[in-house]
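K.L.:
Fold the following for me, if possible:
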Amino acid sequence: MKDKQKFIYDYQCLERIKTYFENRLLIKCLLKYYQVRFVILKDSLMKSISLVKHADGAPGLRIFGLGPSFMPMNGIKKLQLLFNQNTLWAKDRKRSQIKKMLENSNVIITLWFNSQLVGFGRATTDQVYRAVLWDIVISSKVQGTGLGKLIIESLLEDEKIKSVEKIYLMTTNSKDFYTQLGFEVHGKQTLMLKKKNY
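P.N.:
So this is what the prediction gives:
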């Protein structure tokens, strides 16, 4: 009787182990399927993305609202919407302020999915010593697809930026993302802020 119980117990253990590994295999297969599916979706998305490197001050975007292929896209309104829907720090910027911001920026990148503005980044620089990356924004609908990296790389590859000694940026909650792209947290400097008196 004891041998029979031991056999049943061993058999149940083997069944559990078998089920465990079958489930793991199923999970692995599902993960592989979804990763492949994600890569296919990501590749098709990337083929549909238009990257626009605007001229200094972005006159086409700022004055005419131009997007890809110099087509009128109501760009300032769409940029305001991108800020409002995807940031805390750039919400409620007025269009006149956005235009002035663009006018005083040296490098401006926009990403478009058809007529939708899905990404933005800009930089200011003295072209010798320092550059600062500002307002890197990706629509929440396409985050995690490599578009943020595309914007950063496009900014860093620009002649006005890649010649400087140091490139700065400030981030609230994306430190890990920027670290992957070669940025380091610098403990020897202190960020100081003086707010405008109203």
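K.L.:
make it CA atoms for all contacts and neighbour counts henceforth
P.N.:
OK.
K.L.:
Quick one: the strands in this protein, in order.
P.N.:
Taking DSSP state E as the test, the strands found in the chain are 49-54, 107-113, 116-125, 130-138, 166-169.
K.L.:
Just want the angle from the first one to strand 107-113.
P.N.:
So that's strand 49-54. For strand 49-54 against strand 107-113, the angle between stretch directions is 160 degrees (axes from the mean of the first three to the mean of the last three Cα atoms, to 10 degrees).
K.L.:
Helices of the chain, start to end?
P.N.:
Under the criterion DSSP state H, the chain contains helices at 2-48, 59-64, 75-86, 95-103, 147-157, 159-162, 175-180.
K.L.:
Lowest average pLDDT across those helices?
P.N.:
Lowest mean pLDDT within the helices of the chain: helix 2-48, at a mean of 52.
K.L.:
and the residue most central in space within the chain, how far is that from Tyr178?
P.N.:
Among the residues of the chain, the one closest to the centroid is Gly148, at 2.5 Å (Cα atoms, centre = their mean). Computed as Cα to Cα, to the nearest Å, the Gly148 to Tyr178 distance reads 10 Å.
K.L.:
ok, now Leu111?
P.N.:
Distance of Leu111 to Tyr178, computed by Cα to Cα: 19 Å.
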